[in-house]
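In: only the shape, not the letters, is given here:
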């Protein structure tokens, strides 16, 4: 089994997922409500909303949607963890993801000589970026 992150947005899924693609690279697919079998059942104003988005790159999958059956509230119980394969990649992703957001803890060494940093992006989502040199050697 695998767990993938699925983020719900309030009408700006397309914009957010394109931003994440710009920051992280990868292939992005977007399906609107109007392109789906749900199209006939939805009001005209919803036809351009993103029903399902998927960003894939080098073993990660980030999914998203504008569809939410309750009032959307960004909480503090979920973080998106991005495990990077180099210090350079971590710093690059951190810089890009934090544009327009809040750099809560810039990348720094934690106990155990691991590089970590966290931020809240301009869409209100919390990201934790992590790099462990010993782990990177094992993966390679």
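Out: On my side now, so go ahead. The model shown is predicted, which means the values in this text are computed figures rather than measured ones. Numbering: from 1, shown residues only.

In: can you give me the end-to-end distance of stretch 91-104?
Out: Chord length of stretch 91-104, first to last residue, is 14 Å (C-alpha to C-alpha, to the nearest Å).

In: identify the residues contacting it?
Out: 20, 22-24, 82, 84, 106-107, 117-123, 127, 129 (C-beta atoms under 8 Å, 6 or more residues apart in numbering). Glycine gets a C-beta too; all of them are placed from N, C-alpha and C.

In: now those: which count as buried?
Out: Using 16 or more other C-beta atoms under 10 Å as the burial test, the contacts of stretch 91-104 include 20, 23-24, 82, 84, 107, 117-123, 127, 129 as buried.

In: among those, which lie within strands?
Out: 82, 107, 117, 118, 119, 120, 127, 129 (DSSP state E).

In: wait, doesn't the second one sit right on residue 115?
Out: Yes - applying C-beta atoms under 8 Å as the test, residue 107 and residue 115 come out as touching, 5.6 Å apart.

In: which neighbours do those two share?
Out: With C-beta under 8 Å, 6+ apart, residue 107 and residue 115 have common neighbours residue 90.

In: can you tell me how far residue 60 is from residue 131?
Out: Plainly put, residue 60 is 14 Å away from residue 131 if you go by C-beta to C-beta, to the nearest Å.
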